[in-house]
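Asker: Provided below for reference: sequence and predicted model.
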Amino acid sequence: MRRPWQNVGGDPRAARMLAAACLLCAAAPAQARPAGDAIRLGVERRALQKVRVQLAPLEVDSREPRARDGARQLAERVVRDLHYTGLIAVAEPLPDGVASPRGRAAAGDPGDASGTAEAFVVALRLEGDDPARMVWTGRLLEPGGVIQKAGKRYTVDLADAMRSAHHFADEVVLQLTGEPGIAQTRVLFSRGSGEVRELYLVDYDGENIRQVTRNASLNLTPRWSPDLARIAYTSYFRGRQRLLVLDTATGRSTRVADFDGLNVGAAWSPAGTELAVTLSRDGNAEIYRVRPNGDIIQRLTFDPSIECSPCWDPTGQQIAFTSDRTGSPQVYVMDRDGTNRRRITFDGRYNDSAAWSPQGDRIAYVSRVEGQFQVFSVEPDGSDVHQITFPQERDNEDPSWAPDGRHLVVSSNRSGSTNLWVIDVESGEARPLTWGRAEDTGPSWGGPPAATARVLGSE
């Protein structure tokens with residue numbers, strides 16, 4: 001599995017360049033932890049009390065033979081979406097023919113739906129005789145099933161109705177928790193083996209995988225722009241490493257950085273007006289701010305060490321990054337102009353791949369523990385370290401946060417192949433997002449589909 005610290009794809013020249021840079025780094029002693037700065041390693045996994053929901057019997061008013069099966073599929077998708085939040089539990093029994101989502105909480109679990117609290121009611125009704133223009137209604141009712149809390153009405157083609165189920169599930173989540181749901185979100189990633197890896201896209205629940213690039217080359221580390229209209233990625237198309245930006249409406253890619261050496265690690269600013277990238281144009285791997293058209297705004301680091309893997313905080317005022325300035329890769333934070341640099345990881349000799357949570361309160365990162373790569377999180381000041389993945393789950397890398405700040409997608413070989421897994425950081429519950437023998441790496445979790453993203457298969 002490619003190590004994120006290398007972050008150079010399959011180009012042996014780039015790998016040698018980084019190796020040489022490491023050898024040239026001064027053998028500085030490890031930086032001491034600031035006095036009085038207590039680091040607590042938390043490994044507990046909590047089962048939080050969930051909002052209880054009951055699915056009412058399905059209502060179907062149609063002469064279309066496929067209508068009842070279509071209603072059942074809609075119900076199963078809504079139930080699964082609610083379950084995947086980690087915040088809502090759907091009580092049993094479910095209506096006849098509606099299957100329970102995989103991995104339900106066991107009876108007696110504090111987060112299970114089998115408690116005595118009154119449940120909100122979700123009622124679904126499907127009507128119409130034309131399969132191309134069926135109408136279904138979803139309603140969220142207060143406990144007791146009389147007072148309506150929210151309702152949505154959809155006109156759909158019965159063969160392509162699942163996105164509307166995601167939309168309704170997100171509305172239920174918003175009404176019950178006050179937080180936006182993630183059922184309409186999607187994940188970008190790189191898939192392939194050897195020197196051929198293309199970019200792919202998958203819905204948050206593992207459905208609807210589709211290919212984004214088709215250049216029979218090595219394409220790595222895709223990153224969504226905040227408005228989902230562009231994708232930054234590194235490509236070795238025609239044998240040269242370049243940093244590109246793909247327009248999701250047209251499918252066209254343009255160059256951002258094409259310097260000799262490294263052109264990697266693009267991270268969009270929250271405003272989408274610039275990127276933090278790693279370039280070795282001046283002879284050493286350093287972090288720069290650049291515009292999407294390739295104009296360099298500012299060089300941020302000037303150390304005789306490797307500086308890479310930048311990511312922005314949600315305010316756009318700080319950047320987390322990796323540096324081996326103390327002799328081993330560690331995670332640091334600096335202000336957007338390169339000032340006020342401070343180290344935030346101290347345990348372990350390999351910490352990399354920082355990912356700042358959308359709420360700004362945690363930074364996920366990868367740490368090598370006894371020869372395995374595991375995901376941890378830490379507060380931006382370096383306190384309150386929590387381990388998220390564990391040795392029995394084998395290697396886990398490339399963390400990317402869901403917009404809800406509760407879930408992470410990682411690249412993991414826990415099933416024997418390197419695929420993507422979604423982890424609930426509160427409960428530790430994990431589910432596979434992709435399957436197969438091809439390696440799936442470098443995920444980037446985006447928001448709901450942009451209206452312009454026609455090329456990538458959104459509605």
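Answerer: Okay, I see it.

Asker: bridge partners for the residue nearest to residue 301 when sequence neighbours are not counted, pull those for me.
Answerer: Excluding the flanking residues, the one nearest residue 301 by Cβ to Cβ, 6 or more residues apart in numbering is residue 307, at 4.2 Å. Bear in mind the C-beta positions are built from the backbone N, C-alpha and C, glycine included. Counting by DSSP bridges, residue 307 is bridged to residue 323.

Asker: what does residue 375 give?
Answerer: So, taking DSSP bridges as the rule, residue 375 has residue 366 as bridge partners.

Asker: for residue 228, see how far away the residue lying farthest from the centre of the chain is.
Answerer: Ranked by distance from the centre of the chain (Cα atoms, centre = their mean), the top residue is residue 63, with 41.9 Å. Note on residue 63: its distance to residue 228, by Cβ to Cβ, to the nearest Å, is 40 Å.

Asker: neighbours around the closest residue in space to residue 149 that isn't next to it in sequence, how many?
Answerer: Nearest residue to residue 149, sequence neighbours excluded (Cβ to Cβ, 6+ apart): residue 140, at 4.6 Å. As a burial measure, residue 140 scores 20 neighbours (other Cβ atoms under 10 Å).

Asker: same question, residue 172
Answerer: With other Cβ under 10 Å as criterion, residue 172 counts 26.

Asker: cool, residue 180 as well?
Answerer: Residue 180: 16 surrounding residues under other Cβ under 10 Å.

Asker: mind listing the strands for the stretch 201-350 of the chain?
Answerer: With strands called from DSSP state E, counting those that start in this stretch, the stretch 201-350 of the chain shows them at 210-211, 219-224, 230-235, 242-247, 253-257, 263-268, 275-279, 286-290, 296-299, 307-312, 318-323, 330-335, 342-343.

Asker: quick check: buried residues in stretch 306-324?
Answerer: Of the residues in stretch 306-324, 306-314, 316, 318-324 count as buried by neighbour count, 16 or more other Cβ atoms under 10 Å.

Asker: need the longest helix for this protein.
Answerer: The single longest helix within the chain, with elements called by DSSP state H, is helix 67-84.

Asker: chain center to that helix, what's the gap?
Answerer: Distance of helix 67-84 from its chain centroid, counting by Cα atoms, centre = their mean, to the nearest Å, is 24 Å.

Asker: same check on stretch 219-233?
Answerer: On the basis of Cα atoms, centre = their mean, stretch 219-233 sits 12 Å off its chain's mean C-alpha point.

Asker: now stretch 208-222
Answerer: With Cα atoms, centre = their mean as the basis, stretch 208-222 stands 17 Å off its chain's centre.

Asker: what is the mean pLDDT for it?
Answerer: Averaging pLDDT along stretch 208-222 gives 96.

Asker: again with stretch 68-81
Answerer: On average, stretch 68-81 scores 97.

Asker: try stretch 305-324
Answerer: Per-residue pLDDT over stretch 305-324 has a mean of 97.

Asker: same check, this time on stretch 340-354
Answerer: Taken as a whole, stretch 340-354 has a mean pLDDT of 96.

Asker: show me what counts as buried in that stretch.
Answerer: For stretch 340-354, burial by neighbour count (16+ other Cβ under 10 Å) applies to 341, 343-346, 348, 350-354.

Asker: next one: that stretch to chain centre, how far?
Answerer: Here the centre of mass of C-alpha atoms in stretch 340-354, compared against the chain's by Cα atoms, centre = their mean, lies 21 Å away.

Asker: mind exporting the C-alpha coordinates of that stretch to PDB?
Answerer: Presented in PDB, the C-alpha positions along stretch 340-354 are these (Å, rounded to 0.1, in the frame of the first residue of the first chain):
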ATOM      1  CA  ASN A 340       2.700  30.800  14.000                       C
ATOM      2  CA  ARG A 341       3.700  27.300  13.200                       C
ATOM      3  CA  ARG A 342       3.200  24.800  16.000                       C
ATOM      4  CA  ARG A 343       3.500  21.000  16.400                       C
ATOM      5  CA  ILE A 344       0.300  19.100  17.500                       C
ATOM      6  CA  THR A 345       1.300  15.400  17.400                       C
ATOM      7  CA  PHE A 346       3.900  14.100  19.800                       C
ATOM      8  CA  ASP A 347       3.200  10.300  20.300                       C
ATOM      9  CA  GLY A 348       4.700   8.100  17.700                       C
ATOM     10  CA  ARG A 349       7.400   8.600  15.000                       C
ATOM     11  CA  TYR A 350       5.100   8.700  12.000                       C
ATOM     12  CA  ASN A 351       2.100  11.000  11.900                       C
ATOM     13  CA  ASP A 352       0.700  12.300   8.600                       C
ATOM     14  CA  SER A 353      -2.400  12.900   6.400                       C
ATOM     15  CA  ALA A 354      -4.200  15.500   8.500                       C
END
